[in-house]
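Peer 1: I would like the atomic coordinates for the input below:
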Amino acid sequence: MAVKIRLARRGRKKLPIYDIVVADARAPRDGKFIEKLGSYNPKTNPATIILDEEKTFSWVMNGAQPTDTARTILSDKGIMLRKHLQVGVLKGAITQDQADKKLTDWKSQKQAAVEKVATDLTSKKTTDLKKRLEAEKEVSRKRAEAIQVKKAAVVLEEKTEETPAPTEEAKAE
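Peer 2: Sure, this is the predicted structure:
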């Protein structure tokens, strides 16, 4: 029996949320599964991944094959790197302490990169908001100036209508 780590879709139309599950390869996508490992929400920026790393690692080490998308998610969380390092430990290429240090270093770098992306997104949103606000203020200022010009023209026109134009009799005198 081939066991796969894959995504099972849930959520409503156009708002997907996926469960990361271990299932028999013959089972349907949203059908029967052996164990739920976590969830994945691609609609957030950056994507939200909630994963039980210990369970997932044990399934991967016992031979469960992740699908392409699941492999990407597992790589993003460091499970595939951990497997790679553990195989090196089992073969005697490195020690467990070295493998743990490499994994923690990688995770800290990854976390810093994710935080940098998140802060860049928030700073970009605030600068865009400031630019839009300044543009809106400029448009409002121009509109107010145009209204002032129209009011001045109306006042000038009313003054010329109030003062009587010199008639022919007044000119004759």
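
Peer 1: contacts, neighbours, all on C-alpha from now
Peer 2: Fine.

Peer 1: Longest helix in the protein, please.
Peer 2: The helix of greatest length in the chain, counted in residues with DSSP state H as the criterion, is given as helix 96-162.

Peer 1: which helices and strands does that one pack with?
Peer 2: helix 79-91 (3 or more C-alpha pairs under 8 Å, 6 or more residues apart in numbering; DSSP states H and E).

Peer 1: Ends of stretch 18-29, what's the gap?
Peer 2: Between the opening and closing residues of stretch 18-29 lies a distance of 11 Å (C-alpha to C-alpha, to the nearest Å).

Peer 1: Now do the same for the most centrally placed residue in the chain: helix, strand or coil?
Peer 2: Closest to where the C-alpha atoms of the chain average out (C-alpha atoms, centre = their mean) is Asn45, at 1.3 Å. Look at Asn45: counting by DSSP: H, G, I helix; E, B strand; the rest coil, its state is coil.

Peer 1: Excluding chain neighbours, what is closest to it?
Peer 2: In this structure, Asn45 finds its nearest non-sequential neighbour in Ala118, 8.0 Å apart by C-alpha to C-alpha, 6 or more residues apart in numbering.

Peer 1: Run through the protein and note the low-pLDDT ranges.
Peer 2: 1, 163-173 (pLDDT under 70).

Peer 1: gap between the longest helix of the chain and the chain center?
Peer 2: The chain centroid and the centroid of helix 96-162 are separated by 18 Å, computed with C-alpha atoms, centre = their mean, to the nearest Å.

Peer 1: orientation of that helix relative to helix 79-91 in degrees?
Peer 2: Our comparison of helix 96-162 with helix 79-91, counting by axes from the mean of the first three to the mean of the last three C-alpha atoms, to 10 degrees, yields an angle of 170 degrees.

Peer 1: Show me the contact partners of stretch 34-46.
Peer 2: Applying C-alpha atoms under 8 Å, 6 or more residues apart in numbering, the set of residues contacting stretch 34-46 from outside is 15-24, 47-52, 55-56, 114, 117-118.
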